[in-house]
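Undergrad: sequence-free structure coming up:
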DNA sequence: ATGGTAGACACTCTA
């Protein structure tokens, strides 16, 4: 018995319904955390998503940009959302599910960290300032969740590639937003504050390059392979004994009308 | 050094 949780920045759920069905066929997940659904809640394609096999749907979306959702085969026992930096911009949704007698109740968070714009200077670039403030708030929130008993997953597009091998060239990206030392430090402090396990790196050694995002702007994303690992699934220490494996569905980047992010999956023993 | 693409939405913003 196992439980598979996927995180995927779909870059519009309405455009990606075909891709969603293909991802479900490939990974057979039980729970899916989506980011960048780009749709206000009343317009979320509930029926089309239910047809892919996910009856239980939690959405937190606004018009035009951002937006997150959690899709589940198992019923929710609790749901919630949180706003950050005093803005209502739909970057978080959380749900608890009962994963049975061995695995117990799991709390899953779908998170979309602000991208941060282009200029890596908070004085010049308010988007970067917002991203840094968001990461600071996330650290304090994360510290408050810390509990050796709780089974938590924090999944999403964190918009930070922390390791040198999480980008195609550390040297060429060290001053590029998503890989600057300031952002990496802040992400590491969030991880430490919550004692989070970076599950992808539990199974793929840090010596190996690993990416989950390739820009739309490359002529040939595969040939250039200038990727970054922006999508993460973190687990609380209580889940450590249950970690069974991960998968990065890189092939999805080559599908028709792809998202620029690919799905990442974590499987837990239950 | 620069501009390249995608999606929402209705002009230009976000990524």
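TA: Thanks, I have the structure now. All values reported here derive from a predicted model rather than from experimental measurement.
Undergrad: what packs against the longest helix seen in chain A?
TA: Longest helix of chain A, by residue count under DSSP state H: helix A:126-145. Packing partners of helix A:126-145 (3 or more CB pairs under 8 Å, 6 or more residues apart in numbering; DSSP states H and E): helix A:181-194. Where C-beta positions appear, they are placed from N, C-alpha and C, glycine not excepted.
Undergrad: what about the helix it packs on and DNA strand B, touching?
TA: No: Helix A:181-194 stays clear of DNA strand B (CB under 7 Å from any atom of the strand), getting no nearer than 14.0 Å.
Undergrad: Return the set of buried residues in the longest helix of chain A.
TA: By 16 or more other CB atoms under 10 Å, the buried positions in helix A:126-145 come out as A:128-132, A:134-135, A:137-139, A:141-142, A:145.
Undergrad: what are the phi and psi values for residue A:110?
TA: phi -100, psi 120 (degrees, to the nearest 10).
Undergrad: how many neighbours does it have?
TA: Counted by other CB atoms under 10 Å, the residues lying close to residue A:110 total 30.
Undergrad: Quick check: it touching residue A:36?
TA: No: Residue A:110 is not in contact with residue A:36 according to CB atoms under 8 Å; the separation is 10.9 Å.
Undergrad: circling back: the longest helix of chain A: how far from the chain's middle?
TA: Between the centre of helix A:126-145 and the centre of its chain there are 16 Å (CA atoms, centre = their mean, to the nearest Å).
Undergrad: what does the helix or strand following it contact?
TA: Where DSSP states H and E defines the elements, the next helix or strand beyond helix A:126-145 is strand A:152-157. With CB atoms under 8 Å, 6 or more residues apart in numbering as the test, strand A:152-157 has contacts from A:5, A:7, A:9, A:33, A:35-36, A:68, A:106-113, A:142, A:145, A:194, A:196, A:230-236, A:238-239, A:261, A:264, A:266.
Undergrad: next helix or strand past strand A:152-157?
TA: Reading on from strand A:152-157 to the C-terminus, the next helix or strand found by DSSP H and E is helix A:170-173.
Undergrad: Would you mind listing the buried residues in that next one?
TA: residue A:173.
Undergrad: Do that helix and DNA strand B come into contact?
TA: No: on the criterion CB under 7 Å from any atom of the strand, helix A:170-173 is out of touch with DNA strand B, staying 9.5 Å away.
Undergrad: returning to that earlier point: would you reformat the buried residues of helix A:126-145 as a markdown table and include distance to residue A:181 and pLDDT?
TA: Formatted as a markdown table, the buried residues of helix A:126-145 follow (distance: CB to CB, whole Å; pLDDT from 0 to 100):
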| residue | distance to residue A:181 | pLDDT |
| --- | --- | --- |
| A:128 | 13 | 97 |
| A:129 | 17 | 97 |
| A:130 | 19 | 97 |
| A:131 | 14 | 98 |
| A:132 | 12 | 98 |
| A:134 | 17 | 98 |
| A:135 | 13 | 98 |
| A:137 | 20 | 98 |
| A:138 | 18 | 98 |
| A:139 | 16 | 98 |
| A:141 | 23 | 97 |
| A:142 | 20 | 97 |
| A:145 | 26 | 97 |
